[in-house]
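> Build me a model:
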Amino acid sequence: MTVAIVTDSGSDLTPAQIQETGIRQVPLSVSFGEQSFLSPAELTPEAFWERMGTPDCPFPLTAAPSVGLFKQAFDRAFEEGHDGVVCVCLSEGLSSTVRHAQLAREMLPARQIFVVDSKSASMGSGALAMRGVALAGAGLSAAEISSKLQEMRDVTTLFVGLDTLDYLRKGGRISYAKAAIGGLLAIKPIITVIDGLVAVTDQPRTRSKAIERVVELMTDRPVTELHLMYSPPADIEAFRSAVLAKMPEPAPKVVTVQIIGPVIGVHIGPGAYGGILVHEI
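Okay, the predicted model is just below:
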């Protein structure tokens with residue numbers, strides 16, 4: 001391929017997917033008090049969720065990759081013979097990651113570098129990055145890949161059921177008032193991402209009702225790609241079976257199951273379930 005695909009670790013791609021596709025991953029960091037880890041190299045999803053389940057665990061914080069880390073990834077791609085780079089990032093509305101990648105691009109004005117704001121998170125970014133690899137393998141230029149990924153982004157939807165809004169509140173992704181109302185009503189919120197920002201799309205009162213509603217939202221029309229996501233201790237196999245049983249024909253061409261990693265897990269909390277839906281362009 002003449003075009004390298006770069007993403008950040010908020011895309012929740014697994015090590016196997018990274019190795020298989022050759023995607024270059026720039027790490028965000030996750031901090032517990034004074035301890036800071038690059039995710040996922042120094043803090044795997046499994047280790048993160050185990051730590052989150054320990055008593056008196058301090059609430060973790062995330063930080064975007066530095067401009068320097070993005071520039072290193074871009075420089076390395078060109079040193080290895082690529083003539084273009086497409087970098088897919090977490091939504092600008094959720095992280096400063098996009099801005100840091102753009103600043104790194106500005107440091108290399110003579111190079112063909114395109115930064116794509118996924119306007120999503122987790123596999124909302126990861127699915128775009130994997131499509132970018134396929135397009136690069138088909139011989140498209142960096143500019144063409146960037147344009148195609150923006151088209152795909154606009155037909156990509158996220159739905160995730162949560163046990164609580166507290167993690168989004170603590171992470172600053174929703175207001176205290178919204179989280180407080182959710183707690184008072186004992187709801188099991190379902191979130192989506194609209195224009196790059198988190199929004200509550202439904203508020204069932206029980207977990208069973210919430211699961212039913214998420215399945216309903218995810219299966220209302222056919223999709224070309226289905227990327228299921230979860231955080232422990234959610235029963236992902238039962239959820240996967242429920243979604244696939246109701247998914248209309250034609251069946252998705254791509255189906256993956258991803259554990260939510262540390263970067264997104266900080267804001268989602270344990271017991272989450274849902275997925276990314278890519279519709280026909």
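> Spatially, and excluding backbone neighbours, which residue is closest to residue 225.
Nearest residue to residue 225 in three dimensions, chain neighbours excluded: residue 278, at 3.7 Å (CB to CB, 6 or more residues apart in numbering). Backbone N, C-alpha and C define where each C-beta goes, glycine included.
> got the contact list for that neighbour?
Going by CB atoms under 8 Å, 6 or more residues apart in numbering, residue 278 touches 127, 152, 155-156, 223-227, 254.
> if we go to 6 Å?
By CB atoms under 6 Å, 6 or more residues apart in numbering, the contact set of residue 278 is 127, 156, 223-225.
> Distance-wise, check residue 93 relative to residue 155.
19 Å (CB to CB, to the nearest Å).
> swap that for residue 241, sorry
Distance of residue 241 to residue 155, given as CB to CB: 26 Å.
> And residue 274, by the same measure?
From residue 274 across to residue 155, the span is 17 Å (CB to CB).
> Please enumerate the helices of the stretch 1-150 of the chain.
15-21, 45-52, 67-79, 97-106, 123-137, 142-153 (DSSP state H, counting those that start in this stretch).
> of the ones you listed, which approaches residue 214 most closely?
Nearest of the helices of the stretch 1-150 of the chain to residue 214, taken as CB to CB: helix 123-137 at 15.1 Å.
> could you say what helices and strands the closest one packs with?
Where contact means 3 or more CB pairs under 6 Å, 6 or more residues apart in numbering; DSSP states H and E, helix 123-137 is packed against strand 3-8, strand 84-89, helix 142-153, strand 225-230, strand 273-278.
> try it again with 8 Å
Judged by 3 or more CB pairs under 8 Å, 6 or more residues apart in numbering; DSSP states H and E, helix 123-137 is in contact with strand 3-8, helix 15-21, strand 84-89, helix 142-153, strand 156-161, strand 225-230, strand 254-259, strand 273-278.
> residues contacting residue 38?
Shown in contact with residue 38 (CB under 8 Å, 6+ apart): 9, 27-29.
> The closest residue in space to residue 259 that isn't next to it in sequence: neighbour count?
Leaving aside its chain neighbours, residue 259 sits nearest to residue 45 (4.7 Å; criterion: CB to CB, 6+ apart). Counted with other CB atoms under 10 Å, the neighbours of residue 45 add up to 21.
> Contact partners for residue 45?
Contacts for residue 45 were tallied using CB under 8 Å, 6+ apart; they are 12, 259-262, 265.
> between residue 274 and residue 155, which one's more packed in?
Ranked by neighbour count (other CB under 10 Å), residue 274 and residue 155 place residue 274 first, with 31 against 13.
> Tell me how far the closest residue to that one other than its chain neighbours lies from residue 58.
Leaving aside its chain neighbours, residue 274 sits nearest to residue 160 (3.3 Å; criterion: CB to CB, 6+ apart). Distance, residue 160 to residue 58, by CB to CB: 24 Å.
> can you list the domain ranges for this structure.
According to automatic domain parsing, the chain comprises the domains 3-28+62-153, 156-278.
> Mean pLDDT and distance to residue 38 for the ones you listed - can I get that in JSON lines?
Output for the domains of the chain, formatted as JSON lines (pLDDT from 0 to 100; distance: least, CB to CB, whole Å):
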{"stretch": "domain 3-28+62-153", "mean pLDDT": "97", "distance to residue 38": "4"}
{"stretch": "domain 156-278", "mean pLDDT": "88", "distance to residue 38": "10"}
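> Of those domains, which stretch is the most buried?
Ranked by mean neighbour count under mean count of other CB atoms under 10 Å, the domains of the chain are led by domain 3-28+62-153, which reaches a mean of 21.
> So for it, first residue to last residue, what's the gap.
This stretch, domain 3-28+62-153, spans 19 Å end to end (CA to CA, to the nearest Å).
> gap between it and the chain center?
13 Å (CA atoms, centre = their mean, to the nearest Å).
> and what of stretch 40-49?
Centroid displacement of stretch 40-49 relative to its chain, using CA atoms, centre = their mean, is 15 Å.
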